[in-house]
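Asks: Okay, sequence plus prediction incoming.
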Amino acid sequence: MKLKNQIQKKLHKVYFYGFDTESDKKLFQKSTLSYEDKKIILDDLTNNQKFVKIVIGITRYNFFCMDKIINKILSYENKITNVKAFNIFPVLSIKDRFIRYLEGLNLPEFFEFDIVDEKLIELLEKFQILRTKKIESENDTARLLGILCEQMFIGPWHIVIDTCHTCNTNCTHCRLHSPTNNQTKDYYKMKMSFENFKKIIDDAAELKVEMINLIGGGEPLLNPNLMKMVEYIKSKGLKALFFTNGILLTEKISKKIIELGLDEVWCSLPAGSGKTFKTINPMNNEKTYDKIISNLSNLTELKKRKNLDNPKIVMTHVIHTQNHHELIEMAQKDIEVGANEARYFLFRMDPTNVHLKLTKEDFSRIKKQVPIVEKIFKNSSVHFKENIKFQIDNFEVNKGYFSKDFFLKHGCIIGYLYSDIEANGNVRFCCHNRNVGNISKSSYKELWTSKKYEKYRVQAKYIDKNKDVLFENNQTLFDDECFKCENHPMMNAIFLKLKKNDLMKYYKN
Ligand SMILES: C[S@@+](CC[C@H](N)C(=O)[O-])C[C@H]1O[C@@H](n2cnc3c(N)ncnc32)[C@H](O)[C@@H]1O
Ligand code: SF4
Ligand code: SF4
């Protein structure tokens, strides 16, 4: 590169890495100088007629904000400038454009660049190739780059929105509606307002979010606005899915979701027979189970008639002591109803459902069934969504943990992939009560792009060193939930992509 000027005699170099003391120190941890200190040194040197060079140390953690750094330094020199920002899009030409960007900056003599991160250009080249060869989409590439450069370039992959807290059943494993739950009446009344919902979706569209998941602490089909919500999401060009227990997935609803172009419907069915369903749903009975099965079959039939793939039907089976013996029957039912995908997962144990704890015998019975289930699906058109094999490998029978120290070892990158918005507007870092703010005070976009969110993202990537970091609601970054974190498939998929594309070596400095 021709960017480096020749080192001259008696030349004094002052390095800048960030656009304020905090970002400067983040990038050059050995620095003990504040931005103000550096300014004093610069003034001193110039007043004493010394020859000074301001060097901007470029790394993968700041190449995208050269404008901010340069404009800030030039403002010290009382020079009015307007250095334009470097845009990472289109990623297809990111390396070539970045080099041209630096060369075209045309800065005063006393400026110099030093690409101190020797892997930066190589990294940008790899991303350029990812797009040239169309290995990843533009948005996914930007998300991957963001994880490596610890900078958010785009919105999350998924936003989960809490629709309402009422339910028409009482699954024994459910933290909110089981007969042993302990929520307040006010909690059950909570519902996402349509006005707030629209604002979130507008922001999501602007941020190029991939998918909106309508879930929540209750049954989404009990929110009278659910269809309006799906319609709004689709009108903004985003993908949408909702979870349901399937009880209210009537023919009318099925026709409507087909018409609206819903992408996926995730049906949570914790049983492979009416008898087990009744045990797990004490306020319902075997007829309800049959109704769910016929609702799903009906949806498949309607799709077939219209020759449509969507909405995909994804069956999800939470497993605990009351249904651990029925994995095979669940698989057979999934095929019978015409599901597209199926996912099994071990239940999250908490004080309200410890009586469902898996015994050693239960666990070995589950382990025996999984390969059979896989084989059954292989011979069908239902895709087995891997999840439970990871959980089995990482399971601790006594505590019910199923992700062990995976996140402590690899870091948690949820902050780049996901946000969860509760019915009351709380924006959570993950599904485990880690509040970043509330949309009544700042919009979702403001929160997602805030310095505060940015800091949490990076701290979570190095979660082993930041366990005690506190969120707005005084919840620590790390707690027991991280040992039974259901986000491992999402993060594993990213790690797999990084490995496949030889990018893992840039993951942590
Ligand atoms: C709380 S429900 C809300 C949406 C809808 N009512 C349903 O059941 O699909 C969302 C998901 O959480 C799962 N779930 C509930 N309690 C759980 C637990 N203790 N451990 C793991 N997953 C659980 C349900 O199986 C469901 O798939
Ligand atoms: S259907 Fe969903 S919200 Fe209702 S009790 Fe079951 S898990 Fe909980
Ligand atoms: S529970 Fe822990 S590991 Fe899982 S997403 Fe939340 S912070 Fe990350």
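Replies: Sure, I can see it. Bear in mind the structure is a predicted one, so any value in this text is a computation, not a measurement. Ligands and ions are numbered 1, 2, ... in the order given.

Asks: hmm, stretch 341-356 in reach of ligand 2?
Replies: No: judged by C-beta under 6 Å from any ligand atom, stretch 341-356 stays clear of ligand 2, getting no closer than 10.2 Å. Using the backbone N, CA and C atoms, a C-beta is placed for each residue, glycine as well.

Asks: Restrict that stretch to CA atoms and write it as PDB.
Replies: Provided in PDB are the C-alpha atoms of stretch 341-356 (Å, rounded to 0.1, in the frame of the first residue of the first chain):
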ATOM      1  CA  GLU A 341     -40.000 -29.500   9.700                       C
ATOM      2  CA  ALA A 342     -39.800 -30.900  13.200                       C
ATOM      3  CA  ARG A 343     -37.800 -29.800  16.200                       C
ATOM      4  CA  TYR A 344     -37.400 -31.500  19.600                       C
ATOM      5  CA  PHE A 345     -36.000 -29.800  22.600                       C
ATOM      6  CA  LEU A 346     -35.500 -30.500  26.300                       C
ATOM      7  CA  PHE A 347     -37.600 -28.500  28.700                       C
ATOM      8  CA  ARG A 348     -36.200 -25.600  30.700                       C
ATOM      9  CA  MET A 349     -36.400 -26.400  34.300                       C
ATOM     10  CA  ASP A 350     -37.400 -23.700  36.700                       C
ATOM     11  CA  PRO A 351     -39.000 -23.600  40.200                       C
ATOM     12  CA  THR A 352     -42.500 -23.900  38.800                       C
ATOM     13  CA  ASN A 353     -41.800 -27.200  36.900                       C
ATOM     14  CA  VAL A 354     -39.100 -29.100  38.700                       C
ATOM     15  CA  HIS A 355     -41.600 -32.000  39.100                       C
ATOM     16  CA  LEU A 356     -41.100 -32.600  35.400                       C
END
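
Asks: tell me the contacts of the residue of the stretch 1-150 of the chain found nearest ligand 1?
Replies: As assessed by C-beta to the nearest ligand atom, ligand 1 sits closest to residue 143 within the stretch 1-150 of the chain, at 24.6 Å. Residues in contact with residue 143 (C-beta atoms under 8 Å, 6 or more residues apart in numbering) are 153, 154, 157, 416, 417.

Asks: Please repeat the previous calculation with a cut-off of 10 Å.
Replies: 136-137, 152-157, 208, 210, 413, 416-417, 494, 497 (C-beta atoms under 10 Å, 6 or more residues apart in numbering).

Asks: got it, and residue 235?
Replies: Residue 235 touches 201, 205, 260, 261, counting by C-beta under 10 Å, 6+ apart.

Asks: Tell me the spacing between it and residue 209.
Replies: To residue 209, residue 235 is 14 Å away according to C-beta to C-beta, to the nearest Å.

Asks: what's the answer for residue 194, then?
Replies: 19 Å.

Asks: the more surrounded of those two?
Replies: residue 209 (26 against 14; other C-beta atoms under 10 Å).

Asks: What count of nearby residues applies to the closest residue to the more buried one other than its chain neighbours?
Replies: Nearest residue to residue 209, sequence neighbours excluded (C-beta to C-beta, 6 or more residues apart in numbering): residue 155, at 4.2 Å. Around residue 155 there are 24 other residues, counting by other C-beta under 10 Å.

Asks: Over to residue 505?
Replies: There are 12 residues near residue 505, going by other C-beta under 10 Å.

Asks: What residues does it make contact with?
Replies: Counted by C-beta under 10 Å, 6+ apart, residue 505 has contacts 119, 122, 123, 148, 498, 499.

Asks: Kindly report the same for residue 401.
Replies: 346, 348, 349, 391, 394, 395, 480, 481, 482, 483, 484, 485.

Asks: Please identify the helix or strand for the closest residue to the fifth one other than its chain neighbours.
Replies: By the measure of C-beta to C-beta, 6+ apart, the closest residue to residue 394 outside its immediate chain neighbours is residue 404, 4.3 Å from it. Secondary structure assignment for residue 404, by DSSP states H and E: no helix or strand.
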